[in-house]
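Enquirer: my questions concern the predicted model and sequence given below.
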Amino acid sequence: MADMRLEIVTAERVVYSEDVSVLVAPGDAGELGILPNHAPLLTTLAPGEMRVTKDGEETYMAVSGGFLEVIGNKVTILADTAEQADEIDEARAESALERARERVESASSDMDLERALASMRRSAARLGVARRRRRRSPRPDRPAG
């Protein structure tokens, strides 16, 4: 299968820049599957998990929102934040999710509730990606294979 170029960029850095065969991203209207030679597209992203397939291997990343554009055989993601699985501290992500849940329960207005829910979605995505990494990594007390 042919590949396409994927670039994921935040205001701070280039998070990812590789040729890939499949991208699954969290769009505002649901998951988006992007394959090489996809039709032109511009859409917004929701907080969630992205799955990238390159050379048959899947990589997971957390994204907190932004924009996805497909032009030609290139996908550009301008993300509010984006992190690869190995960049996420699972304990910190779990703690952030718990704090977000507490804010949801104690929200005093609709605006506070919406902010707390958005924070909870971002934290849940980060934690999900971190846990996928842990499940895919061999345990130190067991040989790989």
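Expert: Noted; the coordinates are in hand.
Enquirer: which helix or strand contains Leu97?
Expert: According to DSSP states H and E, Leu97 maps onto helix 90-105.
Enquirer: cool, Val75 as well?
Expert: With DSSP H and E as the criterion, the answer for Val75 is strand 74-79.
Enquirer: for the record, mean pLDDT for the longest helix anywhere in the chain?
Expert: Taking DSSP state H as the criterion, the chain has its longest helix at helix 110-136. Taken as a whole, helix 110-136 has a mean pLDDT of 72.
Enquirer: that helix relative to helix 90-105, how many degrees between them?
Expert: Counting by axes from the mean of the first three to the mean of the last three C-alpha atoms, to 10 degrees, helix 110-136 lies at 150 degrees to helix 90-105.
Enquirer: circling back: buried residues of the helix holding Leu97, list them for me.
Expert: Within helix 90-105, the residues that count as buried by 16 or more other C-beta atoms under 10 Å are Ala93, Ala96, Leu97, Ala100, Arg103, Val104. Using the backbone N, CA and C atoms, a C-beta is placed for each residue, glycine as well.
Enquirer: so where's the protein shaky on pLDDT?
Expert: Per-residue confidence for the chain (pLDDT under 70) gives these ranges: 1, 111, 133-145.
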